[in-house]
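K.L.:
Here's my sequence, what's the structure:
(one chain, ligands or ions: 1)
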Amino acid sequence: MPRTFDDARSWARLGTALFLRAADLGDAGLDAPSALPGWTRRHLVAHVAANADALGNLVHWAATGERTPMYSSPEERAAGIERGAAMPAAELTTWLRRSAEALAASTAALDQAQWQFPVVTAQGRTVPATELPWMRSREVCVHAVDLGTGPAFADLPAGFLGALCDDVVAKRAKESGPALLLEATDTDASWELPGEGEPTVLVGPLHEITAYLTGRAHALTAPDGLPVPALTHWL
Ligand code: ZN
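P.N.:
Below is the predicted model:
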């Protein structure tokens, strides 16, 4: 079932609350590594706070018509993460909370015409502002898991996981990679990824398929004891 605008808005709210709770840590907790290679939890928190500010730029663009990109450059994006990662815990988590509140307030103020306004993402895609809640929900939900402080893919709504698999498969289908057929055992959903040779069939719970597709730790095994084909990192 394709995701709706209302779904995405509710997942963005839920994921933001989940991330804020999972990131409510002191300096020692924030110093620990996240599940993302080379990043501490501090980097992840700074990235999610900066993402709210950056999406806020797109909300401003949609609201006013004035061209305000997410980040002025990849260097500016990286510098923001490093600056945030160097902040004391209280300052960093205050930025996280305030940026989330500001984004929620600015999106809530958009009218119907403004929601349809085309904006350009950091990846260079032109999308209507109605895509912003989905972009935010992906960041907060997936990175809440990446923090490694409790939330798991199994804790996220099945509708969100299915929509995320749709999204990742659409992106991966344009790149080269292994041919796959993924079948969820707890829903009747399945995904086909084109690639070279006969597809490897992977069967498992939806949350494990999501973890695998997004390049995160998972418990899927291939038939006949063969190794699960490796996937490149995503998001
Ligand atoms: Zn991210």
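K.L.:
Going by C-alpha atoms from here, please, whenever you check contacts or count neighbours.
P.N.:
Fine.
K.L.:
And the next helix or strand past the least confident helix or strand in the chain by mean pLDDT?
P.N.:
In the chain, no helix or strand scores lower on mean pLDDT, DSSP states H and E than strand 196-204, which sits at a mean of 91. Scanning forward in sequence from strand 196-204 by DSSP states H and E, the next helix or strand is helix 206-213.
K.L.:
Can you name the residues in contact with that next one?
P.N.:
With C-alpha atoms under 8 Å, 6 or more residues apart in numbering as the test, helix 206-213 has contacts from 153-154, 158, 161-162, 164-165, 168-169, 182, 184-187, 203, 217-220, 231.
K.L.:
thinking again about what came up before, tell me which strands the least confident helix or strand of the chain pairs with, and in which orientation.
P.N.:
strand 178-184 (parallel) (DSSP bridges).
K.L.:
any idea of the mean pLDDT for the helix or strand following the strand it pairs with?
P.N.:
Counting by DSSP H and E, the next helix or strand C-terminal to strand 178-184 is strand 190-193. In this model, strand 190-193 has a mean pLDDT of 96.
K.L.:
Any chance you could list what contacts strand 190-193?
P.N.:
165-166, 169, 172-173, 178-184, 199.
K.L.:
same thing but at 10 Å, please
P.N.:
Strand 190-193 is contacted from outside by 162, 165-166, 168-174, 176-184, 199-203, 206, 209, using C-alpha atoms under 10 Å, 6 or more residues apart in numbering.
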